[in-house]
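Trainee: below are the sequence and a predicted model; questions follow.
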Amino acid sequence: MISLDDVQRAADNVRHLYRRTPYWHSVGLSRRLGCPVDLKLELFQHSGSFKTRGCFHQMLALGQEALDGGVVAVSGGNFARAVGYCSGVLGVDAIVCMPENAPAGSINATRAYGAAIELLPDAAAAFARADEWVAKGRTSLHPFDNDEQMAGNGIVALEILEDCPELTDIIVSIGGGGLIAGIICAIKALKPSVRIWGVEPEKAPTMARALEAGQVVNITPTSLSKTLGGPFVGQTALDLCARHLEDLIIVSDRDMVAAQQLLMEEEKVFAELAAASTLAAADRIKDRLGADAHLTLLICGGNDSLAEAATYVQLMLEHKI
């Protein structure tokens, strides 16, 4: 289990490498939700998502000898981009095994950052290929179920509390659970009264199924939000959510697309569906917050393409979602 000390060490370790992202107040969303609402804009982080903070910390924690032997990762989205970016900055030889159906934008960005890409027929084949690279001497990086990755993610919470000491509530999206694990760890240590709400798509309910079962379970996600498409959550994330989560809010793909559009229109922010899910969840719980609440929506990334956003809207207009 990670601790606040782990998060603070991560911040010290990679402070010179990550970007302190903007945090701003939204007048329009505050009016909509009935309480002060702020946005933590991790979509402006290097590589376009929060993943970069933890990825830097995870890589540096390996030590120079392991880095000299190269790293390998499996991802179809934001972690692939983060590995590409971080390996380029650190001068590490990196291979990312990606399923062929990964978004073209993520494939192209990861390659452009400097990582080598191997495209495999599906996720299972990608993991199998990564295992082969590990057997040859490379070190594996994990997108969420890794202590250093989670501690690095928790740096986001340190910044939020510095910028908003009056924080009462925060909404965080859940894919594999690495982000919310870091957030819970930092916030509950520094300000236990803050209510932490999780959100995930109804077509990718990894944490919901795990909480129901009392253990990690595998699912087959089918949500449009590929970055919330992990097949399972990590054990640490499950344990922390079971203990500290105020509630888990389930939203539809249609809810997320509508929230994505609203963020573009209201805030001029192009958030990916995973990030927009926090606004969709806020709409669901606004009557539970109270006028004295001070809410932060964690906008975790912005790596959907314009073409993908247009497709989402078309699906909504055709009532296919």
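Mentor: Received the coordinates, thanks. Residues are numbered from 1 along each chain as shown.

Trainee: pull the helix or strand containing Leu67 out as PDB, backbone CA atoms only.
Mentor: Assigned by DSSP states H and E, Leu67 belongs to helix 64-68. The C-alpha atoms that make up helix 64-68 are tabulated as PDB, following Å, rounded to 0.1, in the frame of the first residue of the first chain:
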ATOM      1  CA  GLN A  64      20.200   3.100 -14.400                       C
ATOM      2  CA  GLU A  65      21.200  -0.500 -14.900                       C
ATOM      3  CA  ALA A  66      17.600  -1.600 -15.600                       C
ATOM      4  CA  LEU A  67      17.000   1.500 -17.800                       C
ATOM      5  CA  ASP A  68      20.100   0.700 -19.800                       C
END
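
Trainee: residues in contact with the following helix or strand past it?
Mentor: Per DSSP H and E, the first helix or strand lying C-terminal to helix 64-68 is strand 71-74. By C-beta atoms under 8 Å, 6 or more residues apart in numbering, the residues outside strand 71-74 that reach it are 59, 62, 79-80, 83, 87, 92-98, 123, 126-127, 130, 133-134, 138-143. Bear in mind the C-beta positions are built from the backbone N, C-alpha and C, glycine included.

Trainee: buried sites along stretch 87-94?
Mentor: 87-88, 92, 94 (16 or more other C-beta atoms under 10 Å).

Trainee: that stretch: end-to-end distance?
Mentor: End-to-end span of stretch 87-94 (C-alpha to C-alpha, to the nearest Å): 6 Å.

Trainee: identify the residues contacting it?
Mentor: With C-beta under 8 Å, 6+ apart as the criterion, stretch 87-94 contacts 17, 56, 59-60, 67, 70-73, 83-84, 86, 113-116.

Trainee: list the contacts of the nearest residue in space to Gly229 that is not next to it in sequence.
Mentor: Excluding its sequence neighbours, the residue lying closest to Gly229 (C-beta to C-beta, 6 or more residues apart in numbering) is Pro221, at 4.2 Å. Neighbouring residues of Pro221 by C-beta under 8 Å, 6+ apart: 201, 203-204, 206, 228-231.

Trainee: same thing but at 7 Å, please
Mentor: The contact partners of Pro221, by C-beta atoms under 7 Å, 6 or more residues apart in numbering, come to 203-204, 229, 231.

Trainee: do the same with Glu118
Mentor: 95, 97, 129.

Trainee: take those and keep only those in strands.
Mentor: If you go by DSSP state E, the contacts of Glu118 have 95, 97 in strands.

Trainee: so which of the contacts of Glu118 wins on neighbours?
Mentor: Cys97 (25 neighbours; other C-beta atoms under 10 Å).

Trainee: what bridges to that one?
Mentor: Val74, Glu118 (DSSP bridges).

Trainee: before we move on, back to that, so which of the contacts of Pro221 would you say is closest to Leu167?
Mentor: Ala204 (27.2 Å; C-beta to C-beta).

Trainee: kindly provide the distance from the closest one to Leu179.
Mentor: Distance of Ala204 to Leu179, given as C-beta to C-beta, to the nearest Å: 14 Å.

Trainee: between those two, who's got more neighbours?
Mentor: A side-by-side neighbour count of Ala204 and Leu179, using other C-beta under 10 Å, places Leu179 first with 31 against 27.

Trainee: which residues are in contact with that one?
Mentor: Contacts of Leu179 (C-beta under 7 Å, 6+ apart): 50, 153, 172, 300.

Trainee: run the last query once more with 6 Å
Mentor: 50, 153 (C-beta atoms under 6 Å, 6 or more residues apart in numbering).

Trainee: adjust the sequence numbering to begin at 32 for everything that follows.
Mentor: Okay, residue one is now 32; in that scheme the one you just asked about reads as Leu210.

Trainee: what number of residues lie near Asn334?
Mentor: Neighbours around Asn334, by other C-beta under 10 Å: 25.

Trainee: so what does it have for phi and psi?
Mentor: phi -110, psi 20 (degrees, to the nearest 10).

Trainee: same check on the one 3 residues further on?
Mentor: With angles defined as degrees, to the nearest 10, Leu337 sits at phi -60, psi -40.

Trainee: of the contacts of stretch 118-125, closest to Ala188?
Mentor: For those, the nearest to Ala188 is Phe87 (16.8 Å; C-beta to C-beta).

Trainee: CSV for the contacts of Glu149, including pLDDT and distance to Gln266?
Mentor: Converted to CSV, these look like this (pLDDT from 0 to 100; distance: C-beta to C-beta, whole Å):
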residue, pLDDT, distance to Gln266
Ile126, 98, 27
Cys128, 97, 23
Arg160, 97, 25
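
Trainee: pick the one among the contacts of Glu149 closest to Val247.
Mentor: Nearest to Val247 among the contacts of Glu149, counting by C-beta to C-beta, is Cys128 at 22.3 Å.

Trainee: residue contacts, that closest one?
Mentor: Cys128 touches 105, 149, 151, 157, 160-161, counting by C-beta under 6 Å, 6+ apart.
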